[in-house]
Structures are given as C-alpha cells and as structure tokens.
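Student: Here is a sequence together with a model predicted from it:
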Amino acid sequence: MTLETWIAFVILETVLCFTPGPAVLYVVSTALGRGSRAALGGALGIVACNTFYFLLSALGVAAVILASQRLFTALEWLGAGYLVWLGLRMLWARPAVDDRDAAGPRPQSSALAALLRGFSVQAANPKAIAFFVALLPQFIDASVGIGGQVLVLAVTSVLIELGVLSFYTWVALRAGAIAGKRWTATLERVAGVFLIAAGARLALGRSP
C-alpha cells in the first residue's frame with residue numbers, strides 16, 4: 001500500500017465518518033441526555049464494533065454472511081428493529097442525570113452501558129459489513145503482506161472515527177449548554193426520531 005493510497009483512504013473515511021448516520025445520532029443524543037463520559041463510552045463502543053468488522057473482513061467471515069441471502073436479510077430486520085426501539089426509548093425516556101453533576105460510580109456505569117449500546121447500534125446496521133468488504137480491497141495491494149495493510153487501515157479508521165465522534169460530542173455538549181435543559185430534552189427526542197427513521201430506512205431498503 002503506497003502513501004497515496006493511504007491518503008485516499010483517509011480522505012474517504014473522513015468524509016464517510018462526518019456523514020450523519022445511526023452512530024453519529026446515537027453519540028449526539030447520548031451527549032445531550034447523559035453527558036460527555038457516556039458519549040465517549042458510546043463512541044468507543046462504535047469503534048470497537050468497527051474493529052470487529054475489520055477482523056471479520058480480514059478473516060473472510062463477512063463475505064460468507066453477505067453470500068447468505070437469508071442470514072443477511074434477517075440481520076437487516078433485527079438491526080432495523082433495534083434502531084427503532086432505541087429511537088422510541090429516546091422519545092419517551094426522561095433525560096438522565098448529566099455525568100458532570102453525578103457522584104460516585106454512576107458515571108462509570110453509565111459509560112459502560114453506553115459503550116455496550118454503542119457497539120449494538122453499529123452492529124445493528126449489517127450494511128456496515130458490506131461497506132467494509134467493498135472498501136478494503138480497493139486499498140490493499142495483494143502482492144504484499146495483507147495482514148499488515150489491514151492493520152494499518154483498521155487503526156487509521158478507528159482514529160478517524162473516534163476523532164469525528166468526539167467532535168460531534170463536543171458540538172452536542174456546546175449546543176446543549178446554550179439551549180438549556182428544556183431544549184436539550186427536545187434535541188434528544190429529535191435524535192430519537194432520526195434513529196427511528198434510520199431503522200425504517202434500513203428495513204425498507206433491505207435487499208430483495
């Protein structure tokens with residue numbers, strides 16, 4: 001893999017990460033409702049799932065999943081249902097105590113729960129598997145060691161995704177501070193609506 005190929009991957013990955021999707025919506029809503037530590041936990045969960053997808057792609061397991069029409073369709077339906085359920089929870093749940101005001105072990109518990117949920121949100125979009133399977137071969141030189149190239153791309157992707165999600169977290173926290181608690185709850189519910197829409201789109205746009 002040449003330097004030019006790596007730079008092209010960095011540019012593409014950055015653009016794709018900045019494009020709002022379920023992962024971004026989840027991190028933003030978590031930042032608004034539960035504070036910075038929980039949002040960071042959610043971001044770490046998302047990049048952990050991306051790392052898992054890289055591993056599946058490197059092992060060829062993702063290609064097997066894509067080859068199974070019924071399995072992939074079932075994963076799409078499950079993922080769509082989870083996103084809708086998560087969006088409904090954001091619509092009806094009361095905002096949690098911000099981790100900046102909480103005391104004791106509550107922030108750590110909230111961060112761990114957000115990490116697991118962030119992993120689930122990213123895993124709920126099985127089309128991410130197709131994305132990694134389609135993307136990786138475009139930037140890998142098959143004539144040299146593939147494992148090292150996959151590792152470089154995986155680390156690069158994780159750092160970019162984490163940086164972008166951290167930026168979105170900062171923006172959400174700033175917006176929440178300016179808007180106040182009343183509008184923060186409204187913004188979180190708006191994010192819930194978009195998550196429901198993302199789940200509906202995943203279901204309606206499933207493979208025939």
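Tutor: Noted; the coordinates are in hand. Numbering: from 1, shown residues only.
Student: what helix or strand is G45 on?
Tutor: helix 36-59 (DSSP states H and E).
Student: just checking, what packs against that helix?
Tutor: The contact analysis (3 or more C-beta pairs under 8 Å, 6 or more residues apart in numbering; DSSP states H and E) places helix 36-59 against helix 22-34, helix 61-67, helix 106-123, helix 127-135, helix 146-204. C-beta coordinates here come from the backbone N, C-alpha and C atoms, glycine included.
Student: Tell me how far the last one lies from the chain's centre.
Tutor: Relative to the chain's own centre, helix 146-204 is displaced by 7 Å; criterion: C-alpha atoms, centre = their mean, to the nearest Å.
Student: rewinding a little: could you pull up the mean pLDDT of the helix holding G45?
Tutor: The pLDDT scores in helix 36-59 average 85.
Student: for it, which positions count as buried?
Tutor: 36-50, 53-54, 56-58 (16 or more other C-beta atoms under 10 Å).
Student: re earlier: so which of the helices and strands packed on helix 36-59 is the most packed in?
Tutor: helix 22-34 (a mean of 27; mean count of other C-beta atoms under 10 Å).
Student: Mind giving me the packing neighbours of it?
Tutor: Helix 22-34 packs on helix 36-59, helix 69-92, helix 106-123, helix 146-204, going by 3+ C-beta pairs under 8 Å, 6+ apart.
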